[in-house]
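Chemist: A predicted structure for the sequence below; I have some questions about it.
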Amino acid sequence: MDADRIIGSAKEMAGGVEGTVGEMAGDAKTQASGNAREAAGTVQNLYGQAKDAARDATDTAANYAKEAYEAGQDTFRDGSQAIAQKVHDNPLGALLVAGGIGFALALLMSRPARRPPPRWRYYG
């Protein structure tokens, strides 16, 4: 719980008591001062509640990100183990696949750059 919530609640309660005393005594100045203090306490309490809500949202987001990161690590580890098992079971097939991928990459990298078609300008 944020300190602003505690202080705000105390101010709100004190302002309410002061406003009631002013009303009972018929003193408009004391009543107005109590109402102003109560309003200030309410605002401070709401500010503290907003800070608490922001802190909770931040903690929730951080926990969610941590869980997603850990799940990603587990998925990567499982995938790596599955690939290693496939390579261990069929080394020739894995070698052919790797060679095919390398050949395709070499073809893509050795292609000449595309040039735009010539632009003919007719001056008339």
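Modeler: Great, that's in hand.
Chemist: residues in contact with stretch 31-43?
Modeler: With C-beta atoms under 8 Å, 6 or more residues apart in numbering as the contact definition, stretch 31-43 has outside contacts at 7-23. Where C-beta positions appear, they are placed from N, C-alpha and C, glycine not excepted.
Chemist: swap in stretch 86-106?
Modeler: By C-beta under 8 Å, 6+ apart, stretch 86-106 touches no other residue.
Chemist: circling back to that earlier point, what's the ChimeraX line that selects buried ones from the contacts of stretch 31-43?
Modeler: Selecting just the buried residues from these in ChimeraX takes one command, with 16 or more other C-beta atoms under 10 Å as the test:
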select :8,9,11,12,15,16,18,19,22
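Chemist: what is the rounded mean pLDDT of the longest helix seen in the chain?
Modeler: Ranked by number of residues, the top helix in the chain under DSSP state H is helix 28-89. For helix 28-89, mean pLDDT rounds to 92.
Chemist: and it, how far from the chain's centre?
Modeler: 8 Å (C-alpha atoms, centre = their mean, to the nearest Å).
Chemist: use 118 as the first number from now on
Modeler: Fine by me, first position is 118 from now on; the one you just mentioned is helix 145-206.
Chemist: next, the angle from the helix or strand in which residue 136 is found to helix 145-206.
Modeler: Using DSSP states H and E, residue 136 falls within helix 120-142. For helix 120-142 against helix 145-206, the angle between stretch directions is 160 degrees (axes from the mean of the first three to the mean of the last three C-alpha atoms, to 10 degrees).
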